[in-house]
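**Student:** Fold the following, please.
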Amino acid sequence: MTNLTTSNQGMGLGQNIKYYWGAIRWKMLIIFAFFSVVSTILIGALSVAVLNVVIRRESAYLIEERIKTVVDNYKRFTPSLADGIDLPASNLPLVPQHSRSVWGDSQTLITVVPEEAIDRDRPSWLPKGSFTGIVVDQGSLEIRSFHEAEGARCCSTILVTTPLSGSFLEQMAREAGLQISDSKPMLLHPYRTQEGAQGEIEANFIPGSRRPVPVVVIARNWQTGALENWVVCEVRPTYARTIDDLSHMGLRPASYVAPLGTIAFALALVYACGLLLSARLSQRIVAVIDGLSHAALRVGKGDFSVRVAVPEQDQLGMLASSFNEMTQDLENLRQQEKQNAVLERDMALAREVQQHLYPQIATVLAAASVWGINAPARVVSGDLYDFLSFSNSEVGLLCADVSGKGVPAALMMAHLQALVHGRLLALDPTKDRPAPGAFVTALNRDLQGRFGNSRYATMFYGEFDSRTRLLRYINAGHCTPLLISDRGEATKLSGGDLPIGLFPEVTYQELHVTLAKGSTVVVYTDGVTEARNLQEEEFGEERLISCCALLPEGANAKEICMLLSNKVAEWSAGVEQFDDMTILILTVD
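**Tutor:** Sure, this is the predicted structure:
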């Protein structure tokens, strides 16, 4: 039972953690707190590492500075010895004089030599006059101070040497409050190779490390004069001295506690302000995101009227404003889509109605056949073709191209067809049918100005009698029809007048031609010859004539019409249709 309760508590804790981690507000606070703690730990570790380096290097620095102090004292002490020496008048060598120094292993040697012998014993790099510094001679390190004093016929040399022995270094360490662990001298490069990178890191950066710190001096090789870095000894650093120094800073502990406490308080204050600002910022961000999230769910369900509050004119406010603009645009777009859907439905109905304006059944004609086809560039067409059956041997052929495209042209086309039917098919049977010329002249007057002064139509109208094979026709600015003989020879039906609807007083001249058996008349609109391919080349009248010359023998009007239509469609495959296309065919059996 206890295990089950513990398991349930663990599951509840896990669910709570998952919930809080899923909330953006808590996620931001957790991330900020995590990086704040981590950065504090890293800053503390960096401070401890830097302090450790300072303390450890300070220990070696104290020894190095005391050695430099001894060197500087020798530099001042050695020339003063020369002032108390009386040089002989001859060049006989003096007996060397020795004097004890303050250091147990130190010695002072004063020698008088002939002037010409002085250069023999001096190293080539050693300057004339004096020299004081740390030298390495045959692997031994020592402080050496050298001074020359010239007499009348001889010179004296004063040489003060102090070996950097263990006792010397021990005394330096005691004065600095340190302890030497090893006083065996070694060149710095072999020492670093021996210690390795891990040893140097442990010696310098790891607090509380027991590794000794090397004391490094710059020594001059007595034989060559080259400068070399030597490790003269190793000391063990102590933190007690540093702590003791800190305890004596100022007259009271507050002199160092107050600055450190102020820094710590300022750091805590900065992190607290950062946490507060992060909480406020996360609250604003979460509020905007929550609003956008709920609004997006409503938009996903089709509610485009939803809007979110704009808190401030910052990036979050710009995001909310952009969302509101988006939903407004979506709402407008949906309204437009509804209107477009209604328009498309109306256009589909208009196309369906217009298709019924074209001949729906084949016109029966003795010893001849007729057929037509129309392909609109848009939903509805501005081209018109029609067959007017006057008797079983007489038929009227109508092919027109109204200016413009789309709905305006389709309305004008329907009106033109109504005028034609009203003047030709609604006549009293007892009255004679008007001649083609008189009919087109009257049609022009009826159409002129009805749709504006700039609207017109090109039209071919013909009347064919299969008994006499006579075709009487009017070409009112239309494309020139083609007459194809039974041998495939193409001839243009010449003649033409102005389009209808432009000018009121226009007289149209009737033309006529007698068709031979097996011949074909091809009437078309400019959408056929102006059809373009992918290379922007037009189908053209010459190509149409070539296709007509290759028509199969004995083909009827429907077959010829479909064949020519397919040829044009193949030519313009992959290219958007630019103009309405209509073909009307009359074949004589």
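
**Student:** which residues sit in contact with L141?
**Tutor:** 134-135, 163-164, 185, 217, 219, 230, 232 (Cβ atoms under 8 Å, 6 or more residues apart in numbering). All C-beta atoms are positioned from the backbone trio N, CA, C, and that covers glycine.

**Student:** can you put those in CSV and add pLDDT?
**Tutor:** Shown next, in CSV, are the contacts of L141 (pLDDT from 0 to 100):
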residue, pLDDT
I134, 91
V135, 92
P163, 88
L164, 86
P185, 89
V217, 92
A219, 93
W230, 92
V232, 90
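
**Student:** Which of the residues you listed fall within strands?
**Tutor:** In strands, defined here by DSSP state E, the members of the contacts of L141 are 134-135, 163, 217, 219, 230, 232.

**Student:** Which of these sits closest to I545?
**Tutor:** W230 (109.8 Å; Cβ to Cβ).

**Student:** these two touch, right, that closest one and K184?
**Tutor:** No. W230 is beyond contact range of K184, at 10.9 Å (criterion: Cβ atoms under 8 Å).

**Student:** more crowded one of the two?
**Tutor:** W230 (19 against 9; other Cβ atoms under 10 Å).

**Student:** How much space separates the more buried one from L502?
**Tutor:** 115 Å (Cβ to Cβ, to the nearest Å).

**Student:** So which bits of the helix or strand where E570 lies are buried?
**Tutor:** Following DSSP states H and E, one finds E570 within helix 557-571. For helix 557-571, the neighbour count (16 or more other Cβ atoms under 10 Å) marks 557-561, 563-565, 567-568, 571 as buried.

**Student:** I'd like those as JSON lines, with distance to T78 appended.
**Tutor:** What follows is the buried residues of helix 557-571, written out as JSON lines (distance: Cβ to Cβ, whole Å):
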{"residue": "A557", "distance to T78": "135"}
{"residue": "K558", "distance to T78": "132"}
{"residue": "E559", "distance to T78": "131"}
{"residue": "I560", "distance to T78": "131"}
{"residue": "C561", "distance to T78": "129"}
{"residue": "L563", "distance to T78": "126"}
{"residue": "L564", "distance to T78": "125"}
{"residue": "S565", "distance to T78": "123"}
{"residue": "K567", "distance to T78": "120"}
{"residue": "V568", "distance to T78": "118"}
{"residue": "W571", "distance to T78": "114"}
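
**Student:** biggest helix in the protein by residues?
**Tutor:** Ranked by residue count and defined by DSSP state H, the top helix of the chain is helix 24-82.

**Student:** Can you name the residues that contact L534?
**Tutor:** Counted by Cβ under 8 Å, 6+ apart, L534 has contacts 574-575.

**Student:** Poorly predicted segments of the stretch 51-200 of the chain, please.
**Tutor:** Along the stretch 51-200 of the chain, the model assigns pLDDT under 70 to residues 82-121, 150-155.

**Student:** before we move on, the earlier item: counting contacts, what elements does the helix holding E570 pack onto?
**Tutor:** strand 368-375, strand 520-524, helix 541-549, strand 581-588 (3 or more Cβ pairs under 8 Å, 6 or more residues apart in numbering; DSSP states H and E).

**Student:** Now tell me what touches the first one from outside.
**Tutor:** Just to be clear, that refers to strand 368-375. Contacts of strand 368-375 (Cβ under 8 Å, 6+ apart): 358-359, 362-363, 381, 383, 385-387, 395, 397, 399, 464, 466, 527, 556-558, 560-562, 565, 577, 580-589.

**Student:** what angle sits between the next helix or strand after that strand and strand 581-588?
**Tutor:** Following strand 368-375 in sequence order, the next helix or strand is strand 383-389 (DSSP H and E). With axes from the mean of the first three to the mean of the last three Cα atoms, to 10 degrees defining the directions, strand 383-389 sits at 30 degrees from strand 581-588.

**Student:** how does this structure divide into domains?
**Tutor:** Following the assignment in automatic domain parsing, the chain carries domains at 34-245, 299-348, 358-588.

**Student:** Buried deepest among those, which one?
**Tutor:** Ranked by average neighbour count under the criterion mean count of other Cβ atoms under 10 Å, these are headed by domain 358-588 at a mean of 18.

**Student:** tell me how far the ends of that domain are from each other?
**Tutor:** End-to-end span of domain 358-588 (Cα to Cα, to the nearest Å): 22 Å.

**Student:** and what of stretch 572-581?
**Tutor:** 12 Å.
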